[in-house]
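[1] After the sequence you'll find the predicted model.
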Amino acid sequence: MEHIRCLILGSGPAGYTAAIYAGRANLSPVVYEGIQPGGQLTTTTEVENFPGYPEGVDGFQLMEDLRRQAERFGAEVRENIAVRTDLSTAPYHVWFDNDTEVTADTIIIATGATAKYLGLADEEKYRGAGVSACATCDGFFYRKKTVAVVGGGDTACEEASYLAGLASKVYLIVRKPFLRATKIMQDRVLNNPKIEVLFEHNTLGLFGEQSVEGAHVVYRKGEADERRYDIAIDGFFLAIGHKPNSDIFRPWVQTDEAGYIKVEGDSPRTGVPGVFAAGDVADPHYRQGIVAAGSGAKAAIEAERYLASL
Ligand code: NDP
């Protein structure tokens, strides 16, 4: 069975930054890309707030660059997804979706987070037929059409603005009477004539023959002035937050109620010696590419110190 000194699970900014640091420290890191190679930034368009890019940078390009930088220092990048772990005793065991198993002295968990859905049966029914959680991936199909985006945070505002550049009309369905997004993102949405914000609205279901043709929505559900009606849409985009990808580590490392891995103070230490968590899988607060990159660097430094102490 293959033995790895520094195993990195996940290939977003946290995973690749950890790989750059671990590679430069001669730890021969092996990165498993996981479910979404390059992580969540590959599904955004322009990244405007990653330091070092005054003109902004394409999310996919940024991740390609990070990958190349990691490989330059000897990181080996593999395509597979970790499906099971045993972190009860070192060296730790990890199994992958291609039926391989490795042992590792140190593991950096950088598996990120995955988009949430509302939980409506219709989301399943129309998945790939009008329902999406990634405007940048699927927005192209909705040129000159009408779409709805659900959510009131930065992601929802960003996706609504992006889709407004393609579609003829965008509804933003917000359950509260206000947006949670940062002021700059709110302004972009509220000043865009193609975007109509439906405050205090919830989605009850979707309808359509082969694909989405509309949504059943409700205004002020449960209130005296509740109103139910349908909107005609061709696409329904979810932007209501993310779920951390921590399930396979859950028996061994502690998580909070939402599933985010708990770390010791502001370190990436999980409590299992040699196992560190970096990026969105351990960050319920900031969830930014640059923060994830920083925590990946910390995790690799910790891994190096841990290996030196053995
Ligand atoms: P958030 O958790 O910030 O927002 C989620 C939104 O979805 C909220 O408006 C929430 O409503 C709504 N929501 C959640 N569940 C439901 C539901 N079941 N039905 C209807 N609405 C629901 O997630 P984001 O993904 O927007 O952002 C996460 C983090 O990433 C934030 O820190 C954000 O600042 C950051 N980010 C930064 C960007 C940038 O700087 N360019 C871009 C994208 C994200 P409610 O308000 O009622 O809870």
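    Now that the structure is in, tell me what you want to look at. Numbers count the residues shown, from 1 in each chain.

[2] Could you use CA atoms for every contact and neighbour count after this?
    Fine.

[3] Residue 200 touches residue 174, doesn't it?
    Yes: taking CA atoms under 8 Å as the definition, residue 200 is a contact partner of residue 174 at 5.8 Å.

[4] Give me the more crowded residue out of those two.
    More crowded of residue 200 and residue 174, by other CA atoms under 10 Å: residue 174, with 23 against 15.

[5] Next to the ligand, which bits of the protein? Give me the list.
    118, 151-156, 175-176, 180, 239-241, 286-287 (CA under 6 Å from any ligand atom).

[6] So among these, where is pLDDT lowest?
    Ranked by pLDDT, those bottom out at residue 287 (81).

[7] picking up where we left off before, filter the residues of the chain next to the ligand down to the ones in helices?
    The helices, defined by DSSP state H, take in 154-156 from the residues of the chain next to the ligand.

[8] Only whichever of the residues you listed are buried, select them in PyMOL.
    Burial among these is assessed by 16 or more other CA atoms under 10 Å; the matching PyMOL selection reads:
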select buried, resi 154+155+156
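
[9] and which of the ones in helices among the residues of the chain next to the ligand is nearest to residue 220?
    Nearest to residue 220, judged by CA to CA, of those is residue 156 at 20.0 Å.

[10] show me the contacts for the nearest residue to the closest one once chain neighbours are set aside.
    In space, and not counting its chain neighbours, residue 156 is closest to residue 239: 4.9 Å by CA to CA, 6 or more residues apart in numbering. With contact taken as CA atoms under 8 Å, 6 or more residues apart in numbering, residue 239 is in contact with 115-116, 133, 149-151, 153, 155-156, 159.

[11] which of the residues of the chain next to the ligand are buried?
    Listed as buried from those are 151-156, 175, 180, 239-241, 287; burial here means 16+ other CA under 10 Å.

[12] what's the closest of those residues to residue 68?
    Residue 68 has its nearest neighbour among these in residue 287, at 23.2 Å by CA to CA.

[13] from memory residue 299 sits against residue 276, does it?
    Yes: if you go by CA under 8 Å, residue 299 and residue 276 touch, sitting 5.9 Å apart.

[14] Quick check: the gap between the nearest residue to residue 256 once chain neighbours are set aside and the ligand.
    Residue nearest to residue 256 in three dimensions, not counting chain neighbours: residue 262, with 6.4 Å by CA to CA, 6+ apart. Going from residue 262 to the ligand by CA to the nearest ligand atom, to the nearest Å gives 18 Å.
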